[in-house]
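1. just coords:
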């Protein structure tokens, strides 16, 4: 695909729901925003980093905050463009393209809307190949690239610029500002050149997201081989199918934290617990971890095939628990150190799952 049209948005939304692993921002309002932007401005060119001037500035964008806040606060539509133009003013340079920080939830869709409004291409890449709850959990951070300056814009058009000495500090300061903004904002961060993105971004992420979405749509339409095709395309597997029997969810420190417990649908004496911090991070049965971050844990509604966000989980829901291997770069020692379970305070080692991707 060499451009993104309004017809591509349903697949991108579904794929973003899977890659969000419960977080990434609720996609409904961002979907409305990107569809309106594409209707007004037409298709957005989809380019590779190497297609652009190597010294040209890329404008990365993401949703920042707690998914539970999306149930009460809505974007007004101006935030993505405001964040990126403020970043351009701060740097004294114009951007040549927009880059998604993550392919997950609303963070996949808002960069496309911003690109349409700014008349720029969107880059077929990201920095995670999934959603993560903290801003330093990126391939750019692994490459030593600074997240600063970070521009945050909230739903009331307040704007904050964060300049920090290192990326973990930038995350803490940005998280504190986002909490004061009502726990939801649009963030422009990790300004990079096209050459830096060519070297360190994960290429093909939007195309991969759309491919996943097409497979999920086939599942929703009742295709007999729907899950088989999805698992073949992603290297994933189904680890559990169950009904929610317990849900502990709270908003704390700018994140949605908690656990969801499922009993096996087939009547077997099996129970699965999923721990989340915005995103699902650990899935375990009988106290033994089956899947851990940085690999992906996605929950799909059994009846509808809808990818579930942490804020839409409810007692009695029947879910398919899908595990997808992370991008291979996350499986390297520094990737595991940055994004493995111990990085989130769990006293357990990464459980190898396998690799898939470019």
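-> Nice, I can see it. Keep in mind the model is a prediction, meaning the values are calculated, not measured.

2. would you list every one of the helices in the stretch 1-150 of the chain?
-> Using DSSP state H, counting those that start in this stretch, the helices of the stretch 1-150 of the chain run over residues 9-19, 28-41, 79-91, 106-118, 139-142.

3. Quick one: closest of these to residue 72.
-> Closest of these to residue 72 is helix 28-41, at 12.0 Å (criterion: Cβ to Cβ). C-betas here are computed from N, CA, C, even on glycine.

4. quick one: low-confidence parts of this protein?
-> 25, 67-68, 71, 253-255, 353-358 (pLDDT under 70).

5. By residue count, which helix of it is the longest?
-> Identified as the longest helix of the chain according to DSSP state H is helix 205-220.

6. how far does the helix or strand just after that helix sit from the chain's center?
-> Next helix or strand after helix 205-220 toward the C-terminus (DSSP states H and E): helix 226-234. Its chain's C-alpha centre and that of helix 226-234 lie 20 Å apart, by Cα atoms, centre = their mean, to the nearest Å.

7. For the helix or strand just after helix 226-234, buried residues please.
-> Counting by DSSP H and E, the next helix or strand C-terminal to helix 226-234 is strand 237-252. Along strand 237-252, these residues count as buried under the neighbour rule (16 or more other Cβ atoms under 10 Å): 237, 239, 240, 241, 242, 244, 247, 249, 251.

8. ok so, going back, which one of the helices of the stretch 1-150 of the chain lies closest to residue 162?
-> helix 79-91 (10.8 Å).

9. Touching the closest one from outside, list them.
-> Identification of contacts with helix 79-91 by Cβ atoms under 8 Å, 6 or more residues apart in numbering yields 33, 57, 59, 61, 94-95, 98, 110-111, 113-114, 117-118, 149, 151-155, 157, 159, 161, 185-188, 191.

10. Weed out the non-buried ones from the residues you listed.
-> Using 16+ other Cβ under 10 Å, the buried ones in the contacts of helix 79-91 are 33, 57, 59, 61, 95, 98, 110-111, 113-114, 117-118, 149, 151-155, 185-188, 191.

11. re the thing from before, packed most tightly, which of the helices of the stretch 1-150 of the chain would that be?
-> helix 106-118 (a mean of 29; mean count of other Cβ atoms under 10 Å).
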